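> Attaching a predicted model along with its sequence, questions to come.
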Amino acid sequence: MHVKIGRNDPCWCGSMKKYKNCHQSFDEKIEELRSQGHIVPDHSLIKTPEQIAGIKESAKINIAVLDEVASKIKEGMTTEEIDKIVYDTTTKMGGIPAPLNYEGFPKSVCTSINEEVCHGIPSPKVVLKDGDIINVDVSTIYKGYYSDSSRMFCIGNVSDEKRKLVQVVKECVELGLEQVKPWGFLGDMSQAVYDHAVANGYQVVRNIGGHGVGLEFHEDPWVGYIYKKGTQMVMAPGMMFTIEPMVNMGTHKISVDKKNGWTVYTNDKKPSAQWEIQVLVTEDGHEVIAY
Ligand code: MF3
Ligand code: CO
């Protein structure tokens, strides 16, 4: 069903402005792109200024938690201790760690080391060793708003080969981010990520990707990194999603741990790295919400 809004009616976005002075031209643009066969976001994916303000408060906690991990992480620490830092810092600031009990996930954060691609489960048995690379993926709920970002950490003397993987994946995210602007396509971002990874001899994980985020942990659209420029969903102002490519030194092929049902590994046991940022599409480009 589609109820046409009058030009002088209040806009659907909740701004209290008249439709003609708010999202009318936005809707016309969306309809034009839809009629050209493009995938377009529906209104539920467009955040209001009030929602954006709330999500930014959540992201402040997420960033502070990662900063706290960054200041404490070191050789000899267990991933259980990282989990405790995340839980304590998040709850002290009034937030809830989003992973905890999410679809049965048992801990407050994902910690994925070396050949672990993502969704590593913190454990008192896993000790950080000299030469490890680890992704710490933090997600926060604050007053119902969600934030999500992850960083890589190099523990002690990391080989040049692994250090380069970590650095290149960071560059992939930065190059993808440069492509985020209104009325472009998610594929523009995706191709920038993919091309840089492949140019460095790496492979990009195919069937795990990013996602819309803000009002829920995982919203539409699904965000992959193997797509071409000019394809996938149109990026419209007010959309918010993650850029979080998983890049493998060897094969892109992965498997899920049969025992715990969560941890994802590379099939060839070669290292994998991931960085994640949460980004908002603005009227004239983008804004990084969490990193
Ligand atoms: N933080 C992950 C993401 O980037 C989601 C992890 S789900 C969990 O989407 F349950 F494993 F935490
Ligand atoms: Co995410």
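Looks like it came in fine. Being a predicted model, the structure only gives us computed values, none of them experimental. Ligands and ions are numbered 1, 2, ... in the order given.
> Can you name the residues of the stretch 151-291 of the chain that neighbour ligand 1?
Glu244, Glu276 (C-beta under 6 Å from any ligand atom). Every residue, glycine included, has its C-beta placed from N, CA and C.
> For the closest residue to Tyr102 other than its chain neighbours, give its distance to ligand 2.
Nearest non-adjacent residue to Tyr102, counting by C-beta to C-beta, 6 or more residues apart in numbering: Phe217, 6.5 Å away. Distance, Phe217 to ligand 2, using C-beta to the ion, to the nearest Å: 8 Å.
> Also Glu287?
Taking C-beta to the ion, one finds Glu287 at 17 Å from ligand 2.
> Not counting its own residues, what contacts the helix or strand harbouring that residue?
Glu287 belongs to strand 286-290 when assigned by DSSP states H and E. With contact meaning C-beta atoms under 8 Å, 6 or more residues apart in numbering, strand 286-290 is reached by 55-56, 59, 62-63, 147-149, 177, 180-181, 240, 277-280.
> Could you tell me which of the residues you listed belong to helices?
Within these, residues falling in helices by DSSP state H are Ile55, Lys56, Ala59, Asn62, Ile63, Leu177.
> Of those residues, which is the nearest to Asn200?
Leu177 (17.8 Å; C-beta to C-beta).
> burial of that closest one, as a residue count?
Using other C-beta atoms under 10 Å, Leu177 has 18 other residues around it.
> Spell out which parts of the stretch 1-150 of the chain neighbour ligand 1.
Of all the residues in the stretch 1-150 of the chain, those lying near ligand 1 are Pro99, Tyr102, Glu103, Phe105, Cys110, His119, Asp137, Ser139, Asp148, going by C-beta under 6 Å from any ligand atom.
> What pLDDT is listed against the first one?
Read that as Pro99. Per-residue pLDDT puts Pro99 at 98.
> surely it meets Thr140?
No: with contact defined as C-beta atoms under 8 Å, Pro99 does not count as touching Thr140 (9.7 Å).
> quick one: which of these two has more around it?
Per other C-beta under 10 Å, whichever of Pro99 and Thr140 has more neighbours is Thr140, with 30 against 25.
> when you compare where the host helix or strand of the more buried one runs with where strand 286-290 runs, what's the angle?
Element membership for Thr140, per DSSP H and E: strand 133-142. Orientation of strand 133-142 against strand 286-290 (axes from the mean of the first three to the mean of the last three C-alpha atoms, to 10 degrees) gives an angle of 90 degrees.
> what about the strands in the stretch 1-150 of the chain?
96-97, 110-113, 116-118, 133-142, 145-154 (DSSP state E, counting those that start in this stretch).
> May I see these organised as a markdown table, with distance to Asn207 added?
Formatted as a markdown table, those follow (distance: least, C-beta to C-beta, whole Å):
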| stretch | distance to Asn207 |
| --- | --- |
| strand 96-97 | 25 |
| strand 110-113 | 16 |
| strand 116-118 | 11 |
| strand 133-142 | 17 |
| strand 145-154 | 18 |
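> Not counting its neighbours along the chain, what's nearest the residue positioned nearest the centre of the chain?
Central residue of the chain (C-alpha atoms, centre = their mean): Thr242, 2.9 Å from the mean position. Spatial nearest neighbour of Thr242, chain neighbours left out: Gly210 (3.8 Å); criterion: C-beta to C-beta, 6+ apart.
> From Glu81, how far out is that neighbour?
Relative to Glu81, Gly210 is positioned 28 Å away (criterion: C-beta to C-beta, to the nearest Å).
> Equivalent analysis for Thr242, please.
26 Å.
> Quick one: distance of stretch 40-60 to the chain centre.
In terms of C-alpha atoms, centre = their mean, to the nearest Å, the centre of stretch 40-60 is found 15 Å from the chain centre.
> Which residues does that stretch contact?
So stretch 40-60 is in contact with 12-15, 23, 30, 33-34, 93, 95, 140-147, 149, 212, 214-215, 219-221, 233-234, 236-240, 278, 280, 289-290, going by C-beta under 8 Å, 6+ apart.
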